[in-house]
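Undergrad: Here is my input, please return the structure:
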Amino acid sequence: MKDNYRFGTKAVHIGCEPDYTGAVSPPIYMVSTFKQPDAYMSGKYIYSRSLNPTRERLEKSIAALEEAKYALAFSSGMAAIDAVLRILNPEEHIIALDNLYGGTFRILNKVYNRYNIKVSYVDLRNPEIIDMYIKPETRMVYIETPSNPLLKIVDIKRISEIAHQHNLLVVVDNTFATPYNQRPLTLGADIVIHSLTKYLAGHSDVIGGAVALNDDELYEKIMFIRSSTGGVLSPFDSWLTLRGIRTLHVRMEKHNYNAMKIAEYLNEHEKVEKVYYPGLKEHPGHEIARKQMITPKGEPGFGGMVSFKIRGGIKETVRFLESFKVILLAVSLGGVESLIHAPITGIYRHMPREEVEKMGITENFIRFSVGIEDVEDLIEDLEQALKRI
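TA: Model prediction:
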């Protein structure tokens, strides 16, 4: 199938082309090893840790949606992040956004620090600040935009321009935005990372990750790392993710719509102290988000994640979180169902409290993954929960 079809058509069809049987749903190759045509093992598929036809279909789909030459699927988002970080050498240096997913902080600070990989955490909402932190050993700029969980917006194009002047790689975790709302490679990034667990699979039934990129040499390096370390996505999880992607464009339209309505509602509520959502005009990154978070329809798409602070402390937070009837109290995000939790009692509980609060993640900070339910029911559920604090 041609790559120049529109987003929704690519999401439905690329990677799901009928095979020789004519099956309109792709088969699952639940196999570990493949019969070879000769003793030199010259077949394309040898062992599923390296290549598997079902996983290959998924990678073809992800690459098409991210407008990439290549994609690689991993057993988790963290496995994808780990593979990208493994291209670094000991003693090299990363400039990273000062607000990242807690698991990314953990792997950088607790795993890669053992190999003397140094990290400078910087508020990259001002791209020009990069020059102040570049060292001879700096190799990579690592960002999330929107970030997790503060929804900071970073100008991918300007960051890439500055980084490339110094021969630095730009890595963008695009999990929150998805390729429906944002395609970082087209803005100058070198590597895109996804937690497939979230929006791409979309149904809270898969753990997976992906890397998308254009550079031949980087692809070969990361492919070698994946084959060597073994963090591959299983054939069944690849098939589930591929099935999820076929409705990504429809789901993201609803996520975008619902999140915008809920952000506006929370922004006016007397029991809400602050709302973090790039679709709100008062959000510090709103104008940049309007330029780089563009749906295939040519309209801004600000994503399905809303963070906010309620008025009160940990007692009010606990009472609030335990009051929902529709919205589910759970970690993770990006599923069809709405999920809510307080990050300080989740992944960030493993970090020193003073560091977490310095970021702005306080006891009353809430992260809300807005699902695709009827938005009126979600607002009513929020209203009754807010009345309890």
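Undergrad: Which helix or strand contains the residue lying closest to Glu337 once chain neighbours are set aside?
TA: Nearest residue to Glu337, sequence neighbours excluded (C-beta to C-beta, 6 or more residues apart in numbering): Gly371, at 4.6 Å. (Glycine included, C-beta is placed from N, CA and C.) Using DSSP states H and E, Gly371 is not contained in any helix or strand.
Undergrad: Tell me how far Gly371 lies from Ala330.
TA: With distances taken as C-beta to C-beta, to the nearest Å, Gly371 is found 11 Å from Ala330.
Undergrad: Looking at those two, which has the bigger crowd around it?
TA: Set Gly371 next to Ala330 and count neighbours by other C-beta atoms under 10 Å: Gly371 wins out with 24 against 15.
Undergrad: Quick check, the more buried one in contact with Gly334.
TA: No. Judged on C-beta atoms under 8 Å, Gly371 makes no contact with Gly334 at a distance of 9.2 Å.
Undergrad: What spatial separation is found between the residue nearest to Glu337 and Gly102?
TA: 22 Å.
Undergrad: Kindly list the single helix or strand of the chain that scores lowest on mean pLDDT.
TA: Lowest on mean pLDDT, DSSP states H and E among the helices and strands of the chain sits helix 353-359, with a mean of 77.
Undergrad: With just CA atoms, put the next helix or strand after it into CSV.
TA: Sequence-wise, the next helix or strand downstream of helix 353-359 (DSSP H and E) is strand 365-369. Extracted in CSV, the C-alpha atoms of strand 365-369 (Å, rounded to 0.1, in the frame of the first residue of the first chain):
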residue,chain,number,x,y,z
PHE,A,365,-1.3,17.2,42.1
ILE,A,366,-3.6,14.9,40.0
ARG,A,367,-2.9,13.3,36.6
PHE,A,368,-6.0,12.5,34.5
SER,A,369,-5.9,10.3,31.4
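Undergrad: What is strand 365-369 packed up against?
TA: strand 305-310, helix 314-321, strand 339-341 (3 or more C-beta pairs under 8 Å, 6 or more residues apart in numbering; DSSP states H and E).
Undergrad: In TSV, list the ones you listed along with distance to Lys261 and mean pLDDT.
TA: Formatted as TSV, the helices and strands packed on strand 365-369 follow (distance: least, C-beta to C-beta, whole Å; pLDDT from 0 to 100):
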stretch	distance to Lys261	mean pLDDT
strand 305-310	10	98
helix 314-321	20	96
strand 339-341	16	98
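Undergrad: any chance of these in a markdown table, plus mean neighbour count and distance to Gln36?
TA: Shown next, in a markdown table, are these (neighbours: other C-beta atoms under 10 Å; distance: least, C-beta to C-beta, whole Å):
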| stretch | mean neighbour count | distance to Gln36 |
| --- | --- | --- |
| strand 305-310 | 24 | 47 |
| helix 314-321 | 17 | 55 |
| strand 339-341 | 21 | 45 |
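Undergrad: Point out the one among the ones you listed that comes closest to Ala23.
TA: Among the helices and strands packed on strand 365-369, strand 339-341 comes nearest to Ala23, with 33.6 Å by C-beta to C-beta.
Undergrad: ok, back up a step: the helices and strands packed on strand 365-369 into TSV, with extra columns for distance to Asn52?
TA: Listed next are the helices and strands packed on strand 365-369 as TSV, based on distance: least, C-beta to C-beta, whole Å:
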stretch	distance to Asn52
strand 305-310	32
helix 314-321	40
strand 339-341	30
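Undergrad: Which among those is found nearest to Leu233?
TA: Using C-beta to C-beta, these put strand 339-341 closest to Leu233, at 22.3 Å.
Undergrad: Tell me which helix or strand the residue most central in space within the chain sits in.
TA: The residue lying closest to the centre of the chain (C-alpha atoms, centre = their mean) is Thr175, at 1.3 Å. In this structure, Thr175 sits in neither a helix nor a strand according to DSSP H and E.
Undergrad: Number of residues surrounding the closest residue to it other than its chain neighbours?
TA: Nearest residue to Thr175 in three dimensions, chain neighbours excluded: Ser195, at 4.7 Å (C-beta to C-beta, 6+ apart). Residues near Ser195, counting by other C-beta under 10 Å, number 30.
Undergrad: The residue nearest to Asp237 when sequence neighbours are not counted and Ala385: what is the separation?
TA: Leaving out its chain neighbours, the residue that sits closest to Asp237 by C-beta to C-beta, 6+ apart is Val206, at 5.1 Å. For Val206, the distance to Ala385 equals 29 Å [C-beta to C-beta].
Undergrad: between those two, who's got more neighbours?
TA: For Val206 and Ala385, the more surrounded residue by other C-beta under 10 Å is Val206, and the numbers stand at 24 against 21.
Undergrad: Spit out the contact partners of that one.
TA: 196-197, 237, 240-241, 244 (C-beta atoms under 8 Å, 6 or more residues apart in numbering).
Undergrad: Ramachandran coordinates for it?
TA: phi -140, psi 140 (degrees, to the nearest 10).
Undergrad: sorry, back to before: give the residues shared as contacts by Gly371 and Gly334.
TA: Gly304.
Undergrad: Name the residues of stretch 38-52 that are buried.
TA: Within stretch 38-52, the residues that count as buried by 16 or more other C-beta atoms under 10 Å are 45, 48, 51-52.
Undergrad: thinking again about what came up before, what sits up against the least confident helix or strand of the chain?
TA: With C-beta under 8 Å, 6+ apart as the test, helix 353-359 has contacts from 98-99, 150, 344, 348.
Undergrad: now Ala96, which residues is it bridged with?
TA: Listed by DSSP bridges, the beta-bridge partners for Ala96 are Tyr121, Tyr142.
Undergrad: those helices in the stretch 101-250 of the chain, which residues are they?
TA: 102-106, 130-133, 156-165, 178-181, 216-229, 235-245, 248-267 (DSSP state H, counting those that start in this stretch).
Undergrad: Any chance of the ones you listed in a markdown table with mean neighbour count as columns?
TA: Formatted as a markdown table, the helices of the stretch 101-250 of the chain follow (neighbours: other C-beta atoms under 10 Å):
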| stretch | mean neighbour count |
| --- | --- |
| helix 102-106 | 18 |
| helix 130-133 | 14 |
| helix 156-165 | 20 |
| helix 178-181 | 28 |
| helix 216-229 | 15 |
| helix 235-245 | 23 |
| helix 248-267 | 21 |
